[in-house]
Every structure is written in structure tokens, then in C-alpha cells.
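*Asks:* When you get a sec, could you give me coordinates for this:
(one chain, ligands or ions: 1)
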Amino acid sequence: MQFFIDTANLDEIREAASWGILDGCTTNPSLIAREGRDFAETIYEICEIVQGPVSAEVVAQDSEGMLREARLLRQIHEHVVIKVPLIPEGIKTCKVLASEGTPVNVTLCFSVNQAVIAAKAGATYISPFIGRIDDTGHDGLALLQDIVSVYDNYFFDTKVLAASIRHSQHMLEAMRIGSHVATLPFKIMKQMFGHPLTDKGNAGFLADWETVGEDVETTARRFLDRRNG
Ligand code: E4P
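*Replies:* Predicted coordinates for the structure are as follows:
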């Protein structure tokens, strides 16, 4: 499974990238607005850090405008993926961009029918919003499962990108379902490391090591110096 980070905050992206497990990044107009920085500059910097797919969303609501924005955004960096909303004009835009070889992330997906429409338009990614579906009293993970199954039925190449992930249980279930990608807020990506037994075990090993009375580098260097003459 690919891990994308769902933020436009450069510090968060830098830290997640430093762990070596980050495959890409998704932004949206709300996340960009939250940072209060220049959109194009921010996208360029994210691409340079991530060195993988970075979704930048168009805001025009007509296909001509979306295409103009998309073609400019694509010139910012080779890693830019164009994000379009799942509305008829967005789908029309997706079809054109896909035929030009531009990767497209179709966002704001809330049904299997919508996901199939995006796949037929050549989307590279479809983004079902799990958390926002849960918020309406429906089952976001059930939708994710349905999309993965229906895509399998018809051998669609479009990757399912689980979005609007709110907690680590969402993430666990997304992996069980076989979602190709998940985009995670930084906080949840960090939470995935956490286990009380890891912390307890690590503390125990360190306490026992204190009784050895030597550090690893010293003992290893002494051994290597002796062996290598
Ligand atoms: C996906 O690309 C979106 O940016 C994001 O996952 C939306 O999540 P939210 O529902 O927490 O805003």
C-alpha cells in the first residue's frame, strides 16, 4: 500500500519524508488556505521534498477553466497530479487530461457509481472520503470495499486512494480491504508507529543495557580494530 500525506504543511511533510516511508502527498484548497502561503510555491516545494505524486486541485468549475489551471499547475513540477472534483465538468476535464498523459486524482467521491465514472474517464486515482461518509451516519469503509470490488470486477486501472481518514482503525481496515493508497493526516501517520509494548520493551532493553557499562560504538570499534589489525 502506498502512504500519502494529506497536508500542505511543509514541516509535517519534511518529517514524514525523513522516515523513508512516504510515497506521495495530497492537498486541497482548504489545506492550502490553512497554510497561508503561495499555492504554486508550496506545491513546488512539496514536490521537491516528496519526490512522488503530489495532488494539486483546480478550483475553476468549468472544464475550459480547469484545463487552463491544470496545464499551468502541471508545469510547476513533474510530480504534480491534477485533482478535479467529481462533477460533470471535472470528469470531462479528467478525460482530456488523461488522454494527454496527465495523471488525475478525482476527488470528493461518495458512491460506487461516481467511482466507476471516474475510472471510465481515465482517472489515475479515485478518492473516496471515508470520514465524511461516516459523518453522515453511513459506512465509509463499506464504500471503500465496494469500490475496490467493483474495480476488480471490471479490471479498471484506476487506483483507489482512501481519503478523509480520521483514525488508525480506518487505516487498518483500508489495508485489509486492499485500498491501493491511503492519504493520512500527519497526526495519524505518526500514531501508526505507536504501541505501548514497543515503548515498554525499548525502555526495558535500555535499562538492561546500562548494566553492560559500555556503548555500542566503543565495543564495536575495539573489536573491528583488533580484527583488522
Ligand atoms: C483528500 O485528498 C482530501 O484532502 C482529504 O482527505 C479530506 O479529508 P477531510 O474530510 O478530513 O477534510
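*Asks:* and the protein, what are its domains?
*Replies:* Following the assignment in automatic domain parsing, the chain carries domains at 2-191, 202-228.
*Asks:* for those domains, which one ends up most surrounded?
*Replies:* Using mean count of other C-beta atoms under 10 Å, the stretch among the domains of the chain with the largest mean neighbour count is domain 2-191, at a mean of 19. C-betas here are computed from N, CA, C, even on glycine.
*Asks:* and stretch 60-78, how far out from the chain's middle?
*Replies:* Mean-position distance between stretch 60-78 and its chain equals 21 Å (C-alpha atoms, centre = their mean, to the nearest Å).
*Asks:* outside of it, which residues touch it?
*Replies:* Contacts with stretch 60-78, where a contact means C-beta atoms under 8 Å, 6 or more residues apart in numbering, come from 40, 43-44, 47-48, 54, 56, 58-59, 80, 82, 84, 87, 89-90, 92-93, 96-97, 102.
*Asks:* mind listing the helices for the protein?
*Replies:* 10-18, 29-35, 39-50, 63-76, 88-99, 112-120, 130-135, 140-154, 168-177, 186-191, 196-210, 216-227 (DSSP state H).
*Asks:* so which of those helices gets nearest the ligand?
*Replies:* helix 130-135 (4.7 Å; C-beta to the nearest ligand atom).
*Asks:* hang on, the earlier thing: which of the contacts of stretch 60-78 are close to the ligand?
*Replies:* The subset of the contacts of stretch 60-78 within reach of the ligand, by C-beta under 6 Å from any ligand atom, is empty.
*Asks:* Which residues of this structure lie near the ligand?
*Replies:* Applying the criterion C-beta under 6 Å from any ligand atom, the portion of the chain that neighbours the ligand consists of 6, 26, 28, 107, 127, 129, 131-132, 163-164, 183.
*Asks:* could these be laid out in a markdown table, adding pLDDT?
*Replies:* Putting these into a markdown table (pLDDT from 0 to 100) gives the following:
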| residue | pLDDT |
| --- | --- |
| D6 | 98 |
| T26 | 98 |
| N28 | 98 |
| T107 | 98 |
| S127 | 98 |
| F129 | 98 |
| G131 | 98 |
| R132 | 98 |
| A163 | 98 |
| S164 | 98 |
| T183 | 98 |
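*Asks:* So which of the residues you listed is the closest to G140?
*Replies:* G131 (6.3 Å; C-beta to C-beta).
*Asks:* wait, that closest one sits on I165?
*Replies:* Yes. Taking C-beta atoms under 8 Å as the definition, G131 is a contact partner of I165 at 6.4 Å.
*Asks:* pLDDT value on the closest residue to L141 other than its chain neighbours, please?
*Replies:* Distance criterion C-beta to C-beta, 6 or more residues apart in numbering; nearest residue to L141, sequence neighbours excluded, is E173 at 4.8 Å. E173 carries a pLDDT value of 98.
*Asks:* from here on, count from 52
*Replies:* Sounds good: first residue 52 from here, last item E224.
*Asks:* In this protein, where is pLDDT below threshold?
*Replies:* For the chain, no stretch is flagged by pLDDT under 70.
*Asks:* repeat that for 90
*Replies:* Within the chain, the segments meeting pLDDT under 90 span 280.
*Asks:* Is E108 in contact with L159, as I believe?
*Replies:* No. Taking contact to mean C-beta under 8 Å, the distance of 9.8 Å between E108 and L159 leaves them out of contact.
*Asks:* Quick check: neighbours shared by those two?
*Replies:* P136.
*Asks:* Adding distance to Q53 as columns, could you present the helices of the chain in a markdown table?
*Replies:* Putting the helices of the chain into a markdown table (distance: least, C-beta to C-beta, whole Å) gives the following:
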| stretch | distance to Q53 |
| --- | --- |
| helix 61-69 | 13 |
| helix 80-86 | 19 |
| helix 90-101 | 12 |
| helix 114-127 | 21 |
| helix 139-150 | 19 |
| helix 163-171 | 18 |
| helix 181-186 | 16 |
| helix 191-205 | 14 |
| helix 219-228 | 11 |
| helix 237-242 | 13 |
| helix 247-261 | 24 |
| helix 267-278 | 34 |
